[in-house]
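Undergrad: Please work out how this folds:
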Amino acid sequence: MPRPRCQQKKHRMKSVPGDWLIALILCALLSEGCSKNHGYTGEATIVGPDYRQGPCQGGVYINIDGHPNPHGPNGNYDIGDIPASFRLDTMNNVHDFPVRVQLDWKINTLCDSGRVDISRITRTGG
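TA: Alright, predicted model coming up:
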């Protein structure tokens, strides 16, 4: 015996809220990619020059927010590899420190955790 038409509509309507829930979850996941830091793994401050001399020393100090270097002066790391497109000397004054940045980074394992390699970096407004 076929079901009455009103029961079919009721049954079909039960799946609609589930569809909306799935659509809402998908929108939330997709909008996560549009966050403020555009997928960068961290924020940091380029502090200034490191005048020390020696293996894995010298260059420029960087202080990565939330990840202080337990072995470095004031929690700073030295910058190892950095994209060639990011140049500090393109600023009006080379000594214009500190510089706030967003970046993708990892510890340089060859330098006893005192140096970081940066794969992607951009200046921030703050």
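
Undergrad: Roughly how far does residue 118 sit from residue 104?
TA: Distance, residue 118 to residue 104, by CB to CB, to the nearest Å: 7 Å. To be clear about C-beta, it is placed using only N, CA and C from the backbone, and glycine gets the same treatment.

Undergrad: for residue 56, that is, sorry about that
TA: 21 Å.

Undergrad: Could you do residue 42 as well?
TA: 7 Å.

Undergrad: residues near the residue nearest to residue 121 when sequence neighbours are not counted, how many?
TA: Spatial nearest neighbour of residue 121, excluding adjacent residues (CB to CB, 6 or more residues apart in numbering): residue 103 at 4.3 Å. When neighbours are defined as other CB atoms under 10 Å, residue 103 has 24 of them.

Undergrad: Adjust the sequence numbering to begin at 7 for everything that follows.
TA: Understood, numbering begins at 7; the last thing we discussed is residue 109.

Undergrad: Regarding residue 109, which helix or strand does it belong to?
TA: Using DSSP states H and E, residue 109 maps to strand 105-113.

Undergrad: Who are the packing partners of that strand?
TA: strand 48-56, strand 121-129 (3 or more CB pairs under 8 Å, 6 or more residues apart in numbering; DSSP states H and E).

Undergrad: How about residues contacting it?
TA: With contacts defined as CB atoms under 8 Å, 6 or more residues apart in numbering, strand 105-113 is touched by 43-44, 46-52, 70, 94, 97, 119, 121-132.

Undergrad: How about stretch 66-78?
TA: 48-56, 79-85, 94, 109, 111, 118-120, 122.

Undergrad: try 10 Å this time
TA: The contact list for stretch 66-78 (CB atoms under 10 Å, 6 or more residues apart in numbering) reads 47-58, 63, 79-85, 88, 94, 103-109, 111, 113, 118-122, 124, 127.

Undergrad: Filter these down to just the buried residues.
TA: Neighbour counting with 16 or more other CB atoms under 10 Å marks 48-54, 56, 82-85, 88, 94, 105, 107-109, 111, 113, 120-122, 124, 127 as buried within those.
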